[in-house]
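J.: my questions concern the predicted model and sequence given below.
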Amino acid sequence: MQLNMDYNFSKSNETVSFPEGAMSMLYAILLILLILLNFSCQFKFFIGFICLLILSLVTNILAANDLSYFVFPFALAAITSYTLFVITQVFHFLTFLLAAERVLVYFFRSTEEKISLFQNFLKNRIQVLYRAFVVRDFVFVIYTVKSDSENVWHFTNHTVLYSIMFVSIDNFIFISAVFYIPIYVSVRKLAYLASAQENKPQRYIFWKTITVLLFKSFYVPLAISLIFFNGDYLEAYLIIIAFLNILTTPLVIQISYLGSNRRTLQSFKETLQLKQSSRLCCRTTASSSVQPEKF
């Protein structure tokens, strides 16, 4: 069986050939469709990425370990994962800025005009913020390769500095949740007002704080094990945390919105009640037969 320009599978003197690069193009199309359909739900993308890797490994076995059919889908998935990583870090940074602005405006009314100007300035230059994060990672990779070409992941002072920056930005969302606690306490004191009872502005603060604390508690075992191993596997822990952030960030946004939006929460409750009612109506048991009354 010769594999120079195509795959040849012979059976009963019949030959079916696949042109060179067809499988790679198929993987690329599937992955692009997966990204377009499920970009808002990174967990499905992650599962699809794993499935593509499994398909690539099977193809390697059939193609006598031809890595050309494995590199392209892996590289495309890696680029997409890095894009989600940058988006997540920018989200953490913007959430921290928004929480700080809310605290200043709530407790210091005189800063409202300046903060409004800053928001307009940042809104018009949001792309610069994304580029800054990309340039930071690019400079880190270039400097790491030049300093140690044999082992890119070798730990040096600049890798430790990058790790500190990564952990600091990752904790911005936790700090933003802490910033909302004084506002939550103050709003609770005004719960007797009719507007507060109707709108309940503390719902968003409550749900966001609980959601962030819940997801960040998953990192505690990682931090404890990192201390136990004296930082020997810090690179692996950073990669795990990055993937956890990609998966949990949409949940933080959605749960905070669902918990704070009165209409959405009410619709969700009605949906659950409708499902329970349908189950009760459709349930058939042996004891449901009607017996005549005895007089």
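T.: The structure has been received and is ready for your questions. Numbering: from 1, shown residues only.

J.: how far away is A177 from I253?
T.: A177 sits 13 Å away from I253, going by CB to CB, to the nearest Å. C-beta: built from backbone N, CA, C; applies to glycine.

J.: ok, the two, which is more surrounded?
T.: A177 (22 against 15; other CB atoms under 10 Å).

J.: my guess is L222 contacts Y237. True?
T.: Yes. Contact status for L222 versus Y237: in contact at 5.5 Å, counting by CB atoms under 8 Å.

J.: comparing these two, which shows the higher neighbour count?
T.: In terms of neighbours (other CB under 10 Å), Y237 is the more surrounded of L222 and Y237; the figures are 19 against 16.

J.: quick check: the more buried one touching Y219?
T.: No. Counting by CB under 8 Å, Y237 stays clear of Y219, with 9.1 Å between them.

J.: flag the shaky bits of the stretch 101-250 of the chain, pLDDT-wise.
T.: Applying pLDDT under 70 to the stretch 101-250 of the chain flags the ranges 147-158, 191-204, 223, 226-233.

J.: what do you get if the cut-off is 90, keeping everything else the same?
T.: Residue ranges of the stretch 101-250 of the chain with pLDDT under 90: 101-129, 136-250.

J.: can you give me the strands for it?
T.: Along the stretch 101-250 of the chain, no segments are classed as strands by DSSP state E, counting those that start in this stretch.

J.: just the helices in it please.
T.: 112-124, 126-147, 157-170, 172-189, 194-199, 202-216, 219-228, 234-260 (DSSP state H, counting those that start in this stretch).

J.: export those as TSV, with columns for distance to Y82.
T.: Output for these, formatted as TSV (distance: least, CB to CB, whole Å):
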stretch	distance to Y82
helix 112-124	23
helix 126-147	8
helix 157-170	13
helix 172-189	19
helix 194-199	40
helix 202-216	21
helix 219-228	21
helix 234-260	9
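
J.: select, out of those, the one closest to R102.
T.: Closest of the helices of the stretch 101-250 of the chain to R102 is helix 172-189, at 6.6 Å (criterion: CB to CB).

J.: sort out which residues of that closest one are buried, please.
T.: Residues of helix 172-189 classed as buried by neighbour count (16 or more other CB atoms under 10 Å): 172-174, 176-177, 179-180, 183-184, 187.

J.: which one of the residues you listed is nearest S110?
T.: Distance to S110, by CB to CB, is smallest for I183 among the buried residues of helix 172-189, at 17.2 Å.

J.: from what I see, that closest one and V103 are in contact.
T.: Yes. In this structure, I183 is within contact of V103 by CB under 8 Å, at 6.6 Å.

J.: and L97, how far from Y162?
T.: Distance, L97 to Y162, by CB to CB: 22 Å.

J.: for F218, same thing?
T.: Separation of F218 from Y162 (CB to CB): 22 Å.

J.: also I175?
T.: 20 Å.

J.: same question, Q254
T.: Distance, Q254 to Y162, by CB to CB: 30 Å.

J.: neighbour-wise, which of the two wins?
T.: Taking neighbours as other CB under 10 Å, Q254 and Y162 compare with Y162 leading, 19 against 13.

J.: quick one: contacts for that one?
T.: Y162 is in contact with F140, counting by CB atoms under 8 Å, 6 or more residues apart in numbering.

J.: the chain should start at 593 in everything you say after this.
T.: Yes, from this point I'll number from 593; that puts the last item at Y754.

J.: the closest residue to Q711 other than its chain neighbours: neighbour count?
T.: Take Q711 and drop its neighbours on the chain: the residue closest to it by CB to CB, 6 or more residues apart in numbering is E693, 7.1 Å away. Per other CB under 10 Å, the neighbour tally for E693 reads 19.

J.: and for S809?
T.: S809 has 9 neighbouring residues, counting by other CB under 10 Å.

J.: returning to that earlier point: between the helices of the stretch 693-842 of the chain, which one is nearest to F677?
T.: Between F677 and the helices of the stretch 693-842 of the chain, the tightest spacing by CB to CB is seen for helix 826-852, at 5.4 Å.

J.: that closest one - contacts with which helices or strands?
T.: The contact analysis (3 or more CB pairs under 8 Å, 6 or more residues apart in numbering; DSSP states H and E) places helix 826-852 against helix 634-654, helix 660-699, helix 749-762, helix 794-808, helix 811-820, helix 854-874.

J.: what mean pLDDT does the last one have?
T.: Averaging the model's pLDDT scores along helix 854-874 yields 58.
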